[in-house]
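S.K.: I need the structure of the sequence given here:
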Amino acid sequence: MKFHSLTKMLTVGLIAVMTAALLAGCGSESSQKKFLNIATGGTAGTYYPIGGAMAEILNKEIPGMNASAQSTGATVANINMLKDNSVDLAIVQNDITYYAVNGTEMFQDKKVDNIRGIASLYPETCQFVTLDKSGIKSIKELKGKRVAVGAAGSGAEANARQILEAYGITYNDIDVQYLSFAEGASALKDGNVDAAFLTAGYPTSSVQDIASQNKVRLLPIDADKAEALIAKYPFYTKTTIPAGTYAGFDEDVPTISVMAMLVATDKVDDKMGYDIAKAIFTNLDRLQAAHSVGKLITKDTALKGMSLPMNAGAEKFFKE
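M.R.: Residues are numbered from 1 along each chain as shown. Got it, this is the predicted structure:
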């Protein structure tokens, strides 16, 4: 009797173990949680709502995904967080990413090797703004003028320096003012600078604010200068700001842009890279609903201005 009871208990136990193992095996792909942290930017900026929409898409489209977007200090901070593996994905500017992977500019002697491209997103446009009453109509006329070039060590300041250099202008040739664009905009309105520079998606609210009180002019970048800049700095792309983008200024403005892009650490494997790219770029309507720049995010431009090696899975998706 005891023998039969023991045999029965062992049989039941063995069946339970096998059933649990079978269930675990069947559910492993979908039941295992995948956690991804997405670094964005300040809550008032563009990166934060776009990153939030991306997290929602990934959670809905990828089984077992638990993605979350977090507010950060934007590109430079994001790249350092990727380097430390404290985030998995980040929205960044392609020029600053180029500096990071090549160990130049603000990443001089601090090269970052563990990041891979997922996709280029939308252009962030280089804009030299002046008041119409200044009489300045071209970048070459900035020689000898007071120019706000961006905060010292910022990505915008590097853009301004490179563009001026294409026109043969160094900081020795201007009265350089290291001001963020918010500060530069105030200085422009107050007559304390002659021109101010920013890198941002257009229309930019701070430029709209200036244009609501003053007639503004955006300075064009000539085609030959744009081509020279792109040849030297492959992260730049040609852009035209349409006439009427800012109140009272009805001229098309040829210029250049850097690209906002989505990048990942090299710990995001190729399959996950493919799944991320596919989920986002087959649900672009959700990005468009999150922010107006969403309409500029397309599969056709996802490799534009790619300034670092790509995740092989993401690259495969875009080349299918």
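
S.K.: for stretch 244-252, which positions count as buried?
M.R.: For stretch 244-252, a neighbour-count test (16 or more other C-beta atoms under 10 Å) marks 245-247, 249 as buried. Glycine gets a C-beta too; all of them are placed from N, C-alpha and C.

S.K.: from those, which two are the most distant?
M.R.: When C-beta to C-beta is used, the two most widely separated members of the buried residues of stretch 244-252 are 245 and 247, lying 9.0 Å apart.

S.K.: list the contacts of stretch 51-64.
M.R.: 29-34, 36, 38-41, 65-69, 89, 91, 262, 275-276, 278-280, 282-283, 286-287, 289-291, 294 (C-beta atoms under 8 Å, 6 or more residues apart in numbering).

S.K.: ok, now stretch 142-161?
M.R.: For stretch 142-161, contacts defined as C-beta under 8 Å, 6+ apart pick out 75-76, 93, 95-96, 99, 105-106, 126, 128, 136, 164, 167, 169, 171, 173-181, 183-184, 187-188, 192-199, 219, 258.

S.K.: where in the stretch 201-320 of the chain is pLDDT low?
M.R.: Low-confidence segments of the stretch 201-320 of the chain, defined by pLDDT under 70: none present.

S.K.: mind listing the helices for it?
M.R.: Under the criterion DSSP state H, counting those that start in this stretch, the stretch 201-320 of the chain contains helices at 205-213, 223-232, 270-281, 284-290, 312-319.

S.K.: helices or strands next to the fourth one in the packing?
M.R.: Right, helix 284-290. Taking 3 or more C-beta pairs under 8 Å, 6 or more residues apart in numbering; DSSP states H and E as the contact definition, the neighbouring helices and strands of helix 284-290 are helix 47-61.

S.K.: now the angle from the helix it packs on to helix 270-281?
M.R.: The directions of helix 47-61 and helix 270-281 differ by 110 degrees, with axes from the mean of the first three to the mean of the last three C-alpha atoms, to 10 degrees as the criterion.

S.K.: on that earlier part again, filter the contacts of stretch 51-64 down to the buried ones.
M.R.: By neighbour count, with 16+ other C-beta under 10 Å, the contacts of stretch 51-64 hold 34, 36, 38-41, 65, 67, 69, 89, 91, 262, 275-276, 278-280, 283, 287, 290-291, 294 as buried.

S.K.: any idea what the most centrally placed residue in the chain is bridged to?
M.R.: With the centre of the chain defined as its mean C-alpha position, the nearest residue by C-alpha atoms, centre = their mean is residue 260, 2.7 Å away. Beta bridges link residue 260 to residue 93, residue 122, judged by DSSP bridges.

S.K.: next, work out how far apart it and residue 270 are.
M.R.: The gap separating residue 260 from residue 270 is 23 Å, by C-beta to C-beta, to the nearest Å.

S.K.: re the thing from before, with distance to residue 153 added, can I get the helices of the stretch 201-320 of the chain in TSV?
M.R.: Output for the helices of the stretch 201-320 of the chain, formatted as TSV (distance: least, C-beta to C-beta, whole Å):
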stretch	distance to residue 153
helix 205-213	20
helix 223-232	20
helix 270-281	31
helix 284-290	30
helix 312-319	30
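
S.K.: ok, and which of the ones you listed has the densest surroundings?
M.R.: Compared across these, helix 270-281 shows the largest average neighbour count, a mean of 21 (mean count of other C-beta atoms under 10 Å).

S.K.: output the contacting helices and strands for that helix.
M.R.: Using 3+ C-beta pairs under 8 Å, 6+ apart as the contact criterion, the neighbours of helix 270-281 among helices and strands are helix 47-61, strand 115-131, strand 253-265, helix 312-319.
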